[in-house]
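[1] Requesting a structural model of the entry that follows:
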Amino acid sequence: MSIKYVPHDYQAYATEFIIEHPACGLYLDLGLGKTVICLSALWELLLDYFEIGRVLVIAPIRVCTSTWPTEINKFEHLKGLTYSVVVGSDKERRAALQRPAFVYIINRENVAWLVENKLFHFDCVVIDEASSFKNHQSKRFKALRKVRPSLKRIIELTGTPAPNGLLDIWAPVNLLDMGARLGRFITGFKDRYFLPDKRNRDIVFSYKPKENAEEAIYRQIGDICISMKAADHLKLPELIMTNVEVEMSEKEKKLYDQLKADLILPFADGDIDAQSAVGLSNKLHQMANGAVYDENGGVKVIHSRKLDMLEDMIEAANGKPILIAYWFAHDKSRLMERFPEAVPIDTDESIVKWNRGEIPVGLIQPASVGMGINLQEGGCHLIWYSIPWSLQDFSQTNARIFRQGQKNTVVIQLLVTAGTIDVDIIHALEKKDTTQAALLAAVKANL
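    Below is the predicted model of the structure:
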């Protein structure tokens, strides 16, 4: 049964912003209802103004199959907004494109397929989680950029517009205005607003903004991008976020330091080899959790400090549900071996069971389930067993339980192995969050 939609003031404002701006970016905090905001605007543009006729929504796969169809069917004011979900095999996707509809919903991995097969026949595009188009060298970005001139409208939605720094903003904004504000090419954008930071001779690893560059970028995009924070518009639960520190023994720390210094740890049945800075970072990240892959793909266990601490934390929870975020496959294996009651939250069925309170310990992999999934009904306690480098993965995963509808105080705890790369990761996340917070503040909507 459909329900009546009574928009908050900020939702009505955001819907009107979309209608008034043919190209726009909405940086909406998680839980603000960006899907229904966008659908309300699309209904008017399609069925009231007759300004557009065929819309393509690009989203993460689970959001394609669940979130968008559910929202369209839920609200009575969206009646008449027909849709078709373009996922599955090549044959199934082609059949879905043939079905008459106003809105076609496709996962972002198939954008290049759509363009390469000359099946792109749309006059409006919505990119849900636009930060997934931040890489200007990706196939999805190049494909969409190729057909961008044919669009009448483009709408970008995300809560994390610059997850790793201001360089991430160029590609999504380029899709909005085809280079009018930040330049047609990223090299020009870098030259104009950034200086090389970390480098090795001619190889530049990172860039830092020039003096006053941040403010200049914000001014350029402020007319077509707005941000809204949930805390300004919704009553959210209290959030308690803390670090829980564990320490390796002298022997374990010696192994960690040896790998860091020598890039290799010799073992009789397979060495642990880190051949580059990225490889070393990855190995150290694994070792901080307690295990690491060797050159043959086997798993070498270094310590169980985090598992031991986690056992105490689960016992202290006294049966209350706990969600544990992990990163590596061997993290998952070791967690399930130590805690037989743990269940991976990676299917629609497991999500339903978690929200019913039927899973005491849930395991979540941020890169695969981080976006668009509501887990707030099943629990309010999240423990990071493995902390990711990505601010987007970190923020999105936290927002699975810290969101509107959560009835309890949310507790998020980060397991940190002292003296390891875990500490560097937390500092990096804080730095990225500061950059992004400045961007969001600069384009904050003034209702």
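
[2] mind listing the helices for the stretch 201-350 of the chain?
    Along the stretch 201-350 of the chain, counting by DSSP state H, counting those that start in this stretch, helices occupy 213-221, 230-233, 250-262, 277-289, 305-316, 329-338, 348-355.

[3] Can you give me the buried ones in the shortest one?
    Of the residues in helix 230-233, 230, 233 count as buried by neighbour count, 16 or more other Cβ atoms under 10 Å. In this view, the C-beta of every residue, glycine as well, is placed from N, C-alpha and C.

[4] What of the third one?
    Within helix 250-262, the residues scored as buried using 16+ other Cβ under 10 Å are 252, 253, 255, 256, 259.

[5] Same check on the last one?
    Residues of helix 348-355 classed as buried under the neighbour-count rule (16+ other Cβ under 10 Å) are 350, 351, 353, 354, 355.

[6] give the contact list for the third one.
    Contacts here follow Cβ atoms under 8 Å, 6 or more residues apart in numbering; on that basis residue 353 touches 343, 359.

[7] For the stretch 251-400 of the chain, give me the ranges with low pLDDT.
    Applying pLDDT under 70 to the stretch 251-400 of the chain flags residues 263-278, 369-372.

[8] The closest residue to residue 225 other than its chain neighbours and residue 393: what is the separation?
    Distances taken as Cβ to Cβ, 6 or more residues apart in numbering put residue 25 closest to residue 225, at 3.9 Å, once the chain neighbours are dropped. Between residue 25 and residue 393 the computed distance is 21 Å (Cβ to Cβ, to the nearest Å).

[9] Between those two, which is the more surrounded one?
    Applying other Cβ atoms under 10 Å to residue 25 and residue 393 shows that residue 25 carries more neighbours, namely 26 against 22.

[10] Can you list the strands that the helix or strand where that one lies pairs with?
    Applying DSSP states H and E as the criterion places residue 25 in strand 23-28. Sheet pairing for strand 23-28, assigned by DSSP bridges, gives strand 153-158 (parallel), strand 225-228 (parallel).

[11] Quick check: which of the ones you listed is nearest to residue 165?
    Of all the strands paired with strand 23-28, it is strand 153-158 that lies closest to residue 165, at 15.0 Å by Cβ to Cβ.

[12] contacting residues around the closest one?
    So strand 153-158 is contacted by 18, 22-28, 34-35, 38, 41, 45, 51-52, 123-131, 148, 172, 175-176 (Cβ under 8 Å, 6+ apart).

[13] need the contact list for the residue nearest to residue 225.
    Taking Cβ under 8 Å, 6+ apart as the test, what residue 25 contacts is 130, 156, 158, 161, 172, 173, 176, 221, 224, 225, 226.

[14] Just send these back as CSV, with neighbour count too.
    Converted to CSV, those look like this (neighbours: other Cβ atoms under 10 Å):
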residue, neighbour count
130, 25
156, 25
158, 25
161, 25
172, 25
173, 26
176, 24
221, 21
224, 19
225, 27
226, 23
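
[15] ok, these vs residue 328, which is closest?
    Nearest to residue 328, judged by Cβ to Cβ, of the contacts of residue 25 is residue 158 at 26.4 Å.

[16] picking up where we left off before, show the buried residues in the contacts of strand 153-158.
    When the contacts of strand 153-158 are checked for burial by 16+ other Cβ under 10 Å, the buried set is 18, 22-28, 34-35, 38, 41, 45, 52, 124-131, 148, 172, 175-176.

[17] Run through the strands of the stretch 301-447 of the chain in chain order.
    Secondary structure of the stretch 301-447 of the chain by DSSP state E, counting those that start in this stretch: the strands cover 322-325, 342-344, 361-364, 381-384, 410-417.

[18] Which stretch among those is buried most, on average?
    strand 322-325 (a mean of 24; mean count of other Cβ atoms under 10 Å).

[19] How about residues contacting stretch 88-95?
    With Cβ under 8 Å, 6+ apart as the contact definition, stretch 88-95 has outside contacts at 86, 87, 96, 106, 110, 113, 119.

[20] buried sites along that stretch?
    Buried residues in stretch 88-95 (16+ other Cβ under 10 Å): residue 93.

[21] ok, now stretch 311-318?
    313, 314, 317.

[22] cool, and stretch 189-198?
    Result for stretch 189-198 [16+ other Cβ under 10 Å]: buried residues 189, 190, 193, 194.

[23] First-to-last residue distance for it?
    18 Å (Cα to Cα, to the nearest Å).

[24] now that stretch, how far from the centre of its chain.
    In terms of Cα atoms, centre = their mean, to the nearest Å, the centre of stretch 189-198 is found 25 Å from the chain centre.
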